[in-house]
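Asks: What follows is a protein structure lacking sequence information:
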């Protein structure tokens, strides 16, 4: 099992003054095999990318993927595309094999039904193709995940890939995000087993939407159920089942931990990683 940490997991450390390079050291200390950076104040320019790439080279830790948020519902899609291209250049300097960006990341207060998806799909796809082609010309693959409400769910995500029509595009299996579409990670992994090149590992507590909203920290799914970030292994995801599928298909990419639970990161991220590794070993 090759492990990676999505550096957004260190948000609480950054808030206390930890630098980007110090977080690389922390990832190594915690036993991760790679890091997954994202745009920050310390990673905004090509010079920043060269500095991080040099430091990772010195410390012997690679970049598994470069990920970033993007909203292609923004009024100026052209500017959003240019921003993505800039970060593709950064990802290339970091020697990342993959570049991942969100499409329409909204979780609230917007809700999107099938009619909205059908309307938005032809609007979004040309911009995504432009980004994919730019990346491909520079030797890096664009990868996309189940995220948000619009392009989430097995059927919608499949339609997106078909319409995108780019052979070198890969799939990120985000094991938690699929739950926002009220589907399971094993359904998503089983459906896209041939295309998965990267995995985001997270976990959620799940409550039925039949009762009252549980309060702050809880998200609402597309069908009105409730989700809350938690430590890996403490929530509703059947990790052994998911990992068993991934092992069966010969997946040999990174498992990138993404921790955003309210419980303290310094205690519960290491526990999460231990659980992730243990479930992987049990998934024979």
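Replies: Alright, I've got the coordinates. Computed from a predicted model, the values in this text were never measured in an experiment.
Asks: Please look at residue 21 and residue 56 and confirm they touch.
Replies: No. Using CB atoms under 8 Å, residue 21 is not in contact with residue 56; the gap is 9.1 Å. Any C-beta I mention is one placed from the backbone N, CA and C, and that applies to glycine too.
Asks: Those two: who's more crowded?
Replies: residue 56 (21 against 15; other CB atoms under 10 Å).
Asks: give the contact list for that one.
Replies: Neighbouring residues of residue 56 by CB atoms under 8 Å, 6 or more residues apart in numbering: 24, 35, 62, 63, 94.
Asks: Run through the residues that contact residue 24.
Replies: Listed by CB under 8 Å, 6+ apart, the contact partners of residue 24 are 35, 52, 55, 56, 59, 61.
Asks: ok, 6 Å please
Replies: Under the criterion of CB atoms under 6 Å, 6 or more residues apart in numbering, residue 24 has no neighbours.
Asks: Give the next helix or strand downstream of the helix or strand hosting it.
Replies: If you go by DSSP states H and E, residue 24 is part of helix 20-29. Once helix 20-29 ends, the next helix or strand along the chain (criterion: DSSP H and E) is strand 34-36.
Asks: Can you name the residues in contact with that next one?
Replies: So strand 34-36 is in contact with 4, 5, 6, 7, 27, 62, 64, 65, 67, 254, 256, going by CB under 6 Å, 6+ apart.
Asks: so how far is that strand off the chain centroid?
Replies: 12 Å (CA atoms, centre = their mean, to the nearest Å).
Asks: same thing with stretch 266-280?
Replies: 18 Å.
Asks: Poorly predicted segments of the stretch 1-150 of the chain, please.
Replies: 108-111 (pLDDT under 70).
Asks: Just the strands from it, written as ranges.
Replies: For the stretch 1-150 of the chain, the strands defined by DSSP state E, counting those that start in this stretch cover 2-6, 34-36, 66-68, 98-101, 141-145.
Asks: any chance of these in JSON lines, with distance to residue 278 and mean neighbour count too?
Replies: Output for these, formatted as JSON lines (distance: least, CB to CB, whole Å; neighbours: other CB atoms under 10 Å):
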{"stretch": "strand 2-6", "distance to residue 278": "12", "mean neighbour count": "22"}
{"stretch": "strand 34-36", "distance to residue 278": "20", "mean neighbour count": "25"}
{"stretch": "strand 66-68", "distance to residue 278": "26", "mean neighbour count": "24"}
{"stretch": "strand 98-101", "distance to residue 278": "26", "mean neighbour count": "25"}
{"stretch": "strand 141-145", "distance to residue 278": "24", "mean neighbour count": "23"}
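Asks: and these as TSV, adding distance to residue 14?
Replies: Shown next, in TSV, are those (distance: least, CB to CB, whole Å):
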stretch	distance to residue 14
strand 2-6	13
strand 34-36	14
strand 66-68	16
strand 98-101	20
strand 141-145	23
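Asks: Mind checking those strands for the one nearest to residue 271?
Replies: strand 2-6 (13.9 Å; CB to CB).
Asks: Pairing partners for that closest one, with directions?
Replies: Applying DSSP bridges, strand 2-6 is found paired with strand 34-36 (parallel), strand 254-257 (parallel).
Asks: which other residues reach that strand?
Replies: Here strand 2-6 makes contact (CB under 6 Å, 6+ apart) with 27, 32, 33, 34, 35, 36, 64, 254, 255, 256, 257, 258.
Asks: between the residues you listed, which is closest to residue 120?
Replies: Minimum distance to residue 120 across those is 25.3 Å, recorded for residue 258 (CB to CB).
Asks: so what's the closest one scoring on pLDDT?
Replies: Confidence at residue 258, expressed as pLDDT, is 98.
Asks: Tell me how far it lies from residue 96.
Replies: Distance, residue 258 to residue 96, by CB to CB, to the nearest Å: 16 Å.
Asks: what's the closest residue in space to residue 223 that isn't next to it in sequence sitting at in phi/psi?
Replies: Residue nearest to residue 223 in three dimensions, not counting chain neighbours: residue 182, with 4.4 Å by CB to CB, 6 or more residues apart in numbering. The phi/psi pair for residue 182 (degrees, to the nearest 10) reads phi 60, psi 30.
Asks: Cool, thanks, talk later.
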